[in-house]
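*Asks:* Test case, fold it:
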Amino acid sequence: MPVALDLTDPALAAAVHALGRRAYAAEAQLIGSDAIPPLHESLAEMCARELRWLGTFSADGALAGFLAWQRLPDGDLDLDRLCVDPPCFRQGHATRLLTAVLRDGPAAQVGTAEANLPAIRLYERFGFQRVGMSEPPGGPRLVHFRRAGLSRVMALDPR
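*Replies:* Numbers count the residues shown, from 1 in each chain. Have a look, this model is predicted:
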């Protein structure tokens, strides 16, 4: 069951940062590029971000994954980062985190590297649709996704 993470707790913040580094290192290897901004972010930079954090834990109580997001002025969610510790891949942590954050049906946006096929498949399973591409200088090509909010979908088809 995902739980809110309080990054004002120094030990928890350090655990989140370390897990993120491991997860982004695995992604860098997968996509063939280490130009992933959070991979190079300091602990202080990560903690200074105005994000909400949710985490999952393994059976032994260790942090296994986290999702960080912010609510945009229009009410939509911007999913900033979704990380799972590599030893915990394919155990449902990312699915549980997305389910918890999206359960009330908000509209949301997210981006990932075009070569990160596992992330793309996950977002598409959650109803995200591709809305664009970008190529940051020196970085991997990114795919941008949006997911319509439940209220917007219901307004289009009120069955």
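*Asks:* On the strand side of things, show who Val84 bridges to.
*Replies:* Gly65 (DSSP bridges).
*Asks:* Correct me if wrong: it contacts Ala23.
*Replies:* Yes - when contacts are counted by CB atoms under 8 Å, Val84 is listed as touching Ala23 (6.0 Å). For the C-beta atoms, the positions are set from N, CA and C on the backbone; glycine is no exception.
*Asks:* can you map out the strands along the protein?
*Replies:* For the chain, applying DSSP state E gives strands covering 3-4, 52-57, 63-71, 77-84, 108-113, 129-134, 142-147.
*Asks:* Among the ones you listed, which comes closest to Ala28?
*Replies:* strand 108-113 (9.2 Å; CB to CB).
*Asks:* With just CA atoms, put the closest one into PDB.
*Replies:* In PDB, the C-alpha atoms belonging to strand 108-113 read as follows (Å, rounded to 0.1, in the frame of the first residue of the first chain):
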ATOM      1  CA  ALA A 108      -2.300  14.100 -15.800                       C
ATOM      2  CA  GLN A 109       0.800  14.500 -17.900                       C
ATOM      3  CA  VAL A 110       4.100  12.700 -17.900                       C
ATOM      4  CA  GLY A 111       7.200  12.400 -20.100                       C
ATOM      5  CA  THR A 112       9.800   9.700 -20.500                       C
ATOM      6  CA  ALA A 113      12.600   8.800 -22.800                       C
END
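*Asks:* can you give me the mean pLDDT across that strand?
*Replies:* Average pLDDT, strand 108-113: 95.
*Asks:* That one to strand 77-84, inter-axis angle?
*Replies:* Calculated by axes from the mean of the first three to the mean of the last three CA atoms, to 10 degrees, strand 108-113 forms an angle of 50 degrees with strand 77-84.
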